[in-house]
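Asker: Sharing a model prediction with you, sequence too.
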Number of protein chains: 2
Amino acid sequence: MKAVSPVREQLLEHTLVLLGTRGYNGFSYRDLAELVGVKTSSIHYYFPTKEDLALAAVQAYAANIGDSIRALDANGALKEQVEQYLALWRKNLGTSRVCLCGMLASEANSLPQNVLNAIQNFYSMHEAWITQRLERAVAEKGVKLPAPPAAYAMTILGALQSGLVSARLFGKPCRLDAASAMLRSAVTPEGSKQQATEAAAVQS
Amino acid sequence: MKAVSPVREQLLEHTLVLLGTRGYNGFSYRDLAELVGVKTSSIHYYFPTKEDLALAAVQAYAANIGDSIRALDANGALKEQVEQYLALWRKNLGTSRVCLCGMLASEANSLPQNVLNAIQNFYSMHEAWITQRLERAVAEKGVKLPAPPAAYAMTILGALQSGLVSARLFGKPCRLDAASAMLRSAVTPEGSKQQATEAAAVQS
DNA sequence: GTCTATAAGGCGATAGAC
DNA sequence: GTCTATCGCCTTATAGAC
């Protein structure tokens, strides 16, 4: 059991929020210091450079979400797994935050390679998870997909990422629904698809 | 025929590049001034504040893409229209740029409402265009979509936006292909779908 | 570990000469 | 229209006291 610094924890926690709301180029050590109630020099004690801070934030975020996703595997049913996975995405709605890795991915040109690698891992983890569920849906339920599982997983992840961004842009949480419905209906056999497609209808 | 300032044009042109590569918080008046070969004070002459510059950039970008999209309507065939539309997206590949409006959408918390409104219009224009093509595909070719046209259009636009971001993140242009294939196959009747789905296969 | 103090430079923006 | 000069503030980062 490793000792943890509560200040370091708070710095990391608030960095997750700042990165999700404003992005890497959108916040400063001063912003973070004021949120935590320390001086900027204290941040440098834990995270010598801003890039170090970003790397730690991405790793903490990915580890956190990774744990949540692995926890879903405990429950057997495919539909429930997907439903809980989508609930993880919905948690961002109404918070003016988007996925931290989606945010930083769009700032790729401002970030060092080690941070980009960590973001790539996050993307790959999600795509692998979705791909597996799609393959199970095909094998167990005879579902017909409009594309191969890996390719379809990529578009679904992209649609979810963009869904959060556009939900925030328009101030309409329902803008995530279309992407959610896409994954949901992909693991639902033809017969029982009625409710899913109706839920996917988006009011303009 | 309104007289145009060549300096203003150059400023706008380079701003489109800077916004697409680094984002709103990722470049400065100094960066822009050096690219154009003027002093920063000259930028303020044309665009008093950075927000003015961003608004003009979004409007120019949207007008430009809007013209390109409306030009597609001249050709009749649905498949060719979609192919040319996808070619517009592919133009970003290999340039380290993503869609300017996708980029700024992820920086929404740093932007004033009038800029956000312009970005929303850009999104709505794309979704309306895609929706119309999907509806035509359904009506004329009896295509079966996995979701209602408007909802499916939203996910496709999101997948394209995210496709550019992830293609740049991974340095793999093929990461846009899955999203492209999705729209392509949506306007292709069942029988002739063979090539489309094969093209969508993405190597990890 | 946290602070004060400061370095060294970048930021958007403005005044006023030419 | 474009420049020089400058303002006031913010930025990341470091040195060294406590």
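Answerer: Noted; the coordinates are in hand.
Asker: ranges for the helices of chain A?
Answerer: Taking DSSP state H to define them, one finds helices in chain A at A:6-21, A:29-36, A:40-46, A:50-72, A:78-90, A:100-106, A:113-141, A:149-170, A:177-186, A:194-200.
Asker: Can you lay out the ones you listed as JSON lines showing distance to DNA strand D, mean pLDDT and mean neighbour count?
Answerer: Bear in mind the C-beta positions are built from the backbone N, C-alpha and C, glycine included. Below are the helices of chain A laid out as JSON lines (distance: least, Cβ to the nearest atom of the strand, whole Å; pLDDT from 0 to 100; neighbours: other Cβ atoms under 10 Å in any protein chain shown):
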{"stretch": "helix A:6-21", "distance to DNA strand D": "10", "mean pLDDT": "98", "mean neighbour count": "18"}
{"stretch": "helix A:29-36", "distance to DNA strand D": "4", "mean pLDDT": "98", "mean neighbour count": "16"}
{"stretch": "helix A:40-46", "distance to DNA strand D": "4", "mean pLDDT": "98", "mean neighbour count": "15"}
{"stretch": "helix A:50-72", "distance to DNA strand D": "4", "mean pLDDT": "97", "mean neighbour count": "17"}
{"stretch": "helix A:78-90", "distance to DNA strand D": "28", "mean pLDDT": "97", "mean neighbour count": "16"}
{"stretch": "helix A:100-106", "distance to DNA strand D": "14", "mean pLDDT": "99", "mean neighbour count": "26"}
{"stretch": "helix A:113-141", "distance to DNA strand D": "13", "mean pLDDT": "98", "mean neighbour count": "18"}
{"stretch": "helix A:149-170", "distance to DNA strand D": "22", "mean pLDDT": "99", "mean neighbour count": "26"}
{"stretch": "helix A:177-186", "distance to DNA strand D": "32", "mean pLDDT": "98", "mean neighbour count": "25"}
{"stretch": "helix A:194-200", "distance to DNA strand D": "41", "mean pLDDT": "49", "mean neighbour count": "15"}
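Asker: Output the ones you listed as TSV; include the columns distance to B:Y61.
Answerer: Formatted as TSV, the helices of chain A follow (distance: least, Cβ to Cβ, whole Å):
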stretch	distance to B:Y61
helix A:6-21	24
helix A:29-36	29
helix A:40-46	36
helix A:50-72	28
helix A:78-90	29
helix A:100-106	16
helix A:113-141	26
helix A:149-170	15
helix A:177-186	24
helix A:194-200	30
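Asker: For chain B, which of the ones you listed is the nearest?
Answerer: Within these, the stretch nearest chain B is helix A:149-170; the backing value is 3.0 Å (Cβ to the nearest Cβ).
Asker: May I have the closest one as PDB, with CA atoms only?
Answerer: Taking C-alpha atoms only, helix A:149-170 is exported to PDB below (Å, rounded to 0.1, in the frame of the first residue of the first chain):
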ATOM      1  CA  PRO A 149     -16.800  -5.200 -36.300                       C
ATOM      2  CA  ALA A 150     -13.500  -3.400 -36.000                       C
ATOM      3  CA  ALA A 151     -14.400  -0.700 -38.600                       C
ATOM      4  CA  TYR A 152     -17.900  -0.300 -37.100                       C
ATOM      5  CA  ALA A 153     -16.300   0.000 -33.600                       C
ATOM      6  CA  MET A 154     -14.100   2.800 -34.800                       C
ATOM      7  CA  THR A 155     -17.000   4.800 -36.200                       C
ATOM      8  CA  ILE A 156     -19.100   4.200 -33.000                       C
ATOM      9  CA  LEU A 157     -16.200   5.500 -30.800                       C
ATOM     10  CA  GLY A 158     -15.800   8.500 -33.000                       C
ATOM     11  CA  ALA A 159     -19.600   9.200 -33.000                       C
ATOM     12  CA  LEU A 160     -19.600   9.000 -29.200                       C
ATOM     13  CA  GLN A 161     -16.600  11.300 -28.900                       C
ATOM     14  CA  SER A 162     -18.100  13.800 -31.300                       C
ATOM     15  CA  GLY A 163     -21.500  13.300 -29.600                       C
ATOM     16  CA  LEU A 164     -20.200  14.700 -26.400                       C
ATOM     17  CA  VAL A 165     -18.600  17.600 -28.200                       C
ATOM     18  CA  SER A 166     -21.700  18.500 -30.200                       C
ATOM     19  CA  ALA A 167     -24.000  18.000 -27.100                       C
ATOM     20  CA  ARG A 168     -21.900  20.600 -25.400                       C
ATOM     21  CA  LEU A 169     -21.700  22.900 -28.400                       C
ATOM     22  CA  PHE A 170     -25.500  22.900 -28.900                       C
END
